[in-house]
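**Student:** What shape does this take:
(one chain, ligands or ions: 1)
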Amino acid sequence: MNDMYKKFGIADKVTEFSEEILAGLEERFKKIDETAEYNQMKVIRAMQDNRVSAACFAGTTGYGYNDIGRDTLESVYASCFNTEAALVRPQITCGTHALATALSANLLPGDELLSPVGKPYDTLEEVIGIRKSDCSLAEYGVVYRQVDLLPDGTFDYDGIRKAINDKTKLVTIQRSKGYQMRPTFSVKQIGELIAFVKSIKPDVICMVDNCYGEFVDKIEPSDVGADMTVGSLIKNPGGGLAPIGGYICGSRRCIERCSYRLSAPGLGREVGASLSVMTSLYQGLFLAPTVVASALKGAIFAANIYQKLGFNVVPDAVEPRHDIIQSVELGSAERMIEFCRGIQKAAPVDSYVTPEPYAMPGYSSDVIMAAGAFVQGSSIELSADGPVRAPYAIYFQGGLTWPHAKLGIMMSLEMLYEKGLVSL
Ligand SMILES: *Cc1c(COP(=O)(O)O)cnc(C)c1O
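**Tutor:** Below you'll find the predicted structure:
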């Protein structure tokens, strides 16, 4: 193996340091494999129960009436997430689109939307109208309220109780921390929050932004009372194979409304051809539990390496995980750049390009990104990014296979080591 790593230019010292760290991770990795095994059974059962067959992979064109592949896939997702119904389609262009569809389908003028977990993900700010934008919910007369987390990262139950009123129609809960420093919530915590909200107002709709959380745990938000659980297929549940798509799993009533919002009133789920992507969506879901396990191992490996080297890592080396994101505070722009170059050099695609920080709309500082993905922008594939400003935190995620995630992290370390930015 050392010879193989040498071919990538990795120094013996880096390989030895990595192997030492790995030796201490056996128990953690075993637990991750157990979760993957459980979730793999869940997916296979869902496929069997819904009689997935070769006919499901054929695809349709035009209106897509009677698309058995599409309808069966939606039943499979509903079984998997333990919900009455699901909307899973290539016409849902990304996670933000899935979330926007779920929100705008279930909120009417005069209704209030509440986030009891602080600020939502950046792209949701324009959907909601926190940042002014055309066609936002605010423009349609939906009022937004937010209750921030307490300083220790827990729910402000008093604040939430006060914020819920007779106009409150929908509560949105984001599972993953996104680009914030707050903790990611466990499914159990989300369940407690939903129970609390419903104890105050039973008919309020609880939606969970499940991006990056799918298959990390044995249960999903839909198992603990969420009325809609929403995410992207180019993250966890697409298993790296889905080339596009989003999902919304939930109650029959909520999903019906989502389908009318997505296509048109009166048409709903009956239209929407699956073209030729169905095999990838099925096969991606089938692979997703083990792909997520690979990404989790990579995240834990990175946390342990960089914590050992004295950097602040979130989550830390030992705490439980509720999503696949790992952040490492590298403390300088130079280290961020080298880290990303290492990830890029390990990629199967575009390994020869050199990531550079650049200005991106919506960010006040330059952003650096490393990704060499088969699917454009796919963040279940090994990738790293972050705004180049204090505390110089890199957000690292994905890895379709554990050996690739391992190589990426070793290459990142090699780059830092070569430049004298860490000492081993
Ligand atoms: C990625 C992400 C989104 C948006 O998904 P896109 O597919 O990038 O539009 C929303 N919420 C969270 C927490 C995410 O991580």
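**Student:** Might you enumerate the residues of this protein proximal to the ligand?
**Tutor:** Along the chain, the residues adjacent to the ligand under the rule CB under 6 Å from any ligand atom are 94-96, 121, 123, 174, 176, 178, 209, 211-212, 232. From N, CA and C alone the C-beta is placed, and that goes for glycine too.
**Student:** going on from the longest helix along the chain, what's the next piece of helix or strand?
**Tutor:** When the chain is parsed with DSSP state H, its longest helix is helix 278-308. Downstream of helix 278-308, the next assigned helix or strand under DSSP states H and E is strand 312-314.
**Student:** Buried ones in stretch 107-122, by neighbour count?
**Tutor:** Judged by neighbour count using 16 or more other CB atoms under 10 Å, the buried positions of stretch 107-122 are 107, 111-121.
**Student:** do the same with stretch 400-408
**Tutor:** Here stretch 400-408 shows 400-402, 404-408 as buried, counting by 16+ other CB under 10 Å.
**Student:** With pLDDT, secondary structure and distance to A102 as new columns, can those residues be given to me in TSV?
**Tutor:** Output for the buried residues of stretch 400-408, formatted as TSV (pLDDT from 0 to 100; DSSP: H, G, I helix; E, B strand; the rest coil; distance: CB to CB, whole Å):
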residue	pLDDT	secondary structure	distance to A102
L400	98	coil	28
T401	98	coil	32
W402	98	helix	33
H404	98	helix	33
A405	98	helix	31
K406	98	helix	36
L407	98	helix	37
G408	98	helix	33
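**Student:** any idea which of those is closest to the ligand?
**Tutor:** Nearest to the ligand among the buried residues of stretch 400-408, counting by CB to the nearest ligand atom, is L400 at 17.3 Å.
**Student:** list the contacts for the nearest residue to the closest one once chain neighbours are set aside?
**Tutor:** In space, L400 comes closest to G240 once its chain neighbours are excluded; the distance is 4.4 Å by CB to CB, 6 or more residues apart in numbering. G240 makes contacts with 284, 287, 291, 374-375, 378, 380-381, 400, as judged by CB atoms under 8 Å, 6 or more residues apart in numbering.
**Student:** Any of those residues buried? List them.
**Tutor:** Buried, going by 16+ other CB under 10 Å: 284, 287, 291, 375, 378, 380-381, 400, out of those.
**Student:** among the buried residues of stretch 107-122, which are in strands?
**Tutor:** 112-115 (DSSP state E).
**Student:** What segments of the stretch 51-200 of the chain are strands?
**Tutor:** 85-89, 112-115, 143-146, 168-174 (DSSP state E, counting those that start in this stretch).
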